[in-house]
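Undergrad: I'll drop the sequence and a predicted model, then ask my questions.
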Amino acid sequence: MRPLLHCDERHRALTTVPRRSARSWSASRNRYRLLAVLTLTALGSFADRAFAQPPAVPATSAAPARPVTAQQMADYRRRLTEYTAARESFEHEAGAYWSAISEKRRTRNTRRRNNEPVNADHYVMIQPPLYRGPSKPADPSAPTPEKRPSRPIPVIRDFLQHASEQFQFTPQRPKSEIEFKRAYAAVAKSAGLTKDQAVRVYGFESGGNGAYDIQAGLEQARPNARAISTALGYNQLLVANTVELLAEQGTHIIEQLKRRADTLPESQRARLMHKIATVHRMVTFCKSVPDTWSAHVKLAQTPKGMGVHALNLDVDVGPWLQTHKLLTSVVFARRKGYTAPLTAAELEMMNLTGDGTGFDMVSMPHALRAQVPTANFFQREGYERNPVAIRNNVVAKLLAATDARMDRESTLPGARDLAAAF
């Protein structure tokens, strides 16, 4: 299913390497997401802000170019020549480096498929070149480029409206935040997640005090706050994540809901069975396209796709969706033969980068983690735009940065309440 930095509205250029097929969150979902989120000043709301769309700006016509002097144009051409020469030299060096990164990655993937060991020889062990030459000069004679408005990002009221119109569904909201935390803790524990994993990932993803209906960009009630993505809840699911989870895990979620219904009094049971029927229709819808990330992204952009996202707000279904976002990574690691318990930082790395890429990091020996450059897990354009990955330039440093953020956020009231709910 997912990847690093999920596609949806998260920025396409930003992060890591392509992942595996949707079946295990790998191929693409967060493929665009991981380490770019680490670029946030506080590393908070990790999962989404780095990929957010900018706020809408009014459309304007291109302004005419100002008159320029011959001296200004001569200076521009001189600086452009210097820039072009520096950039060509850098591109020659960088092209060779990133080609080696791709080749080593293919080698590792092949060896893992063949159950062959992977060692230091199968990574590029030097740091990538970074461009430090002059920046490209602006042409003083060119007109000011036209500013185009960005597409508004859907928010909770939109998800609720689409859920009502498309599925005649209104989520059952919890009476309090602690009610949702208790429901989430019960589901996460029953699924095999540990308190440490759940609480620390919650702290990392939601800032340590996020509510069950927290949306990226709207964490605080401040004037002119805008959503920066559709990421919702304790573990910040995008609409496409919800669509994919329902397609792949929906049958299991329905089975669990039916088991719970069997334990309820008749009046409560009837209400939950009605909800289960609606969830079944949503699952059928999410399974109506091929099980690929790109297909789920397209489905997420439809009114029905946005409607299913409202399930994250439901006290019965939301905890299952939030749990499965993490559980798929745990299952993936076990299926690959990794039997050691995943630390919260390792789980978050798989959650953010995608299972295949994350597993590449967490399965390497600890001695190698201090040596292998993080560039091995990026596409070039994502790495060069990511100051955190550049600063934390080996795997051990990146995991340590994640742990440090978790240490801070786990002490906040929301994280403490979730820990108590376990």
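TA: That came in fine, so what should we check first?
Undergrad: list the contacts of residue 258.
TA: The neighbourhood of residue 258, defined by Cβ atoms under 8 Å, 6 or more residues apart in numbering, consists of 273, 276. Backbone N, C-alpha and C define where each C-beta goes, glycine included.
Undergrad: find me the pLDDT at it, would you?
TA: As predicted, residue 258 sits at a pLDDT of 96.
Undergrad: so which residues of the stretch 101-250 of the chain form helices?
TA: Secondary structure of the stretch 101-250 of the chain (DSSP state H, counting those that start in this stretch): helices at 156-167, 177-191, 195-206, 239-261.
Undergrad: and the closest residue in space to residue 197 that isn't next to it in sequence, backbone torsions?
TA: Distances taken as Cβ to Cβ, 6 or more residues apart in numbering place residue 344 nearest to residue 197, at 4.9 Å, with adjacent residues excluded. Backbone geometry at residue 344, expressed as degrees, to the nearest 10, gives phi -60, psi -40.
Undergrad: distance check, residue 344 against residue 239.
TA: 25 Å (Cβ to Cβ, to the nearest Å).
Undergrad: same thing with residue 414?
TA: Applying Cβ to Cβ to residue 414 and residue 239 gives a distance of 23 Å.
Undergrad: neighbour count winner among those two?
TA: Looking at residue 414 and residue 239 with other Cβ atoms under 10 Å, you find the greater number of neighbours at residue 239, namely 29 against 23.
Undergrad: who's the closest spatial neighbour of the more buried one, skipping the chain neighbours?
TA: Nearest non-adjacent residue to residue 239 (Cβ to Cβ, 6+ apart): residue 300, at 3.9 Å.
Undergrad: show me the contacts for that neighbour.
TA: Neighbouring residues of residue 300 by Cβ under 8 Å, 6+ apart: 8, 230, 238, 239, 240, 242, 243, 306, 309.
Undergrad: thought the fourth one was touching residue 154?
TA: Yes: here residue 239 lies in contact with residue 154, judged by Cβ atoms under 8 Å, at a distance of 7.5 Å.
Undergrad: what sits in contact with each of the two?
TA: Shared contacts of residue 239 and residue 154, counting by Cβ under 8 Å, 6+ apart, come down to 230, 306.
Undergrad: burial count for residue 290?
TA: 10.
Undergrad: low-confidence ranges, the stretch 51-200 of the chain, go.
TA: In the predicted model, the stretch 51-200 of the chain carries pLDDT under 70 at residues 51-66.
Undergrad: residue contacts, residue 345?
TA: For residue 345, the residues meeting the contact criterion (Cβ under 8 Å, 6+ apart) are 200, 399, 402, 403, 406.
Undergrad: show only the entries of those found in helices.
TA: The helices in this structure, assigned by DSSP state H, contain 200, 399, 402, 403, 406 from these.
Undergrad: in CSV, list the residues you listed along with neighbour count and distance to residue 145.
TA: Formatted as CSV, the ones in helices among the contacts of residue 345 follow (neighbours: other Cβ atoms under 10 Å; distance: Cβ to Cβ, whole Å):
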residue, neighbour count, distance to residue 145
200, 27, 44
399, 21, 41
402, 26, 38
403, 17, 42
406, 25, 41
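Undergrad: how near is residue 414 to residue 234?
TA: Relative to residue 234, and taking Cβ to Cβ, residue 414 is found at 9 Å.
Undergrad: hey, what's in contact with both of those two?
TA: The contact lists of residue 414 and residue 234 share 202, 206, 210, where a contact means Cβ under 8 Å, 6+ apart.
Undergrad: what's the local residue count around the second one?
TA: When you say that, I think you mean residue 206. Residue 206 has 28 nearby residues by other Cβ under 10 Å.
Undergrad: do residue 339 as well
TA: A total of 7 residues lie near residue 339 under the criterion other Cβ under 10 Å.
Undergrad: any idea which helix or strand carries it?
TA: Using DSSP states H and E, no element contains residue 339; it sits outside every helix and strand.
Undergrad: for it, phi and psi?
TA: Note on residue 339: its backbone torsions stand at phi -90, psi -20 [degrees, to the nearest 10].
Undergrad: roughly how far apart are it and residue 363?
TA: Going from residue 339 to residue 363 by Cβ to Cβ gives 11 Å.
Undergrad: and residue 394, by the same measure?
TA: To residue 363, residue 394 is 16 Å away according to Cβ to Cβ.
Undergrad: which one's more surrounded, the two?
TA: When neighbours are counted by other Cβ under 10 Å, residue 394 comes out ahead of the other of residue 394 and residue 363, with 19 against 15.
Undergrad: correct me if wrong: that one contacts residue 374.
TA: Yes: taking contact to mean Cβ under 8 Å, the distance of 6.4 Å between residue 394 and residue 374 places them in contact.
Undergrad: shaky segments in the stretch 201-350 of the chain?
TA: In the stretch 201-350 of the chain there are no weaker segments when pLDDT under 70 is taken as the threshold.
Undergrad: so what's residue 375 closest to, chain neighbours aside?
TA: In space, residue 375 comes closest to residue 128 once its chain neighbours are excluded; the distance is 4.6 Å by Cβ to Cβ, 6+ apart.
Undergrad: pretty sure that neighbour sits against residue 95.
TA: No: judged on Cβ under 8 Å, residue 128 makes no contact with residue 95 at a distance of 11.1 Å.
Undergrad: my guess is residue 269 contacts residue 259, does it?
TA: No: in this structure, residue 269 is not within contact of residue 259 by Cβ under 8 Å, at 11.5 Å.
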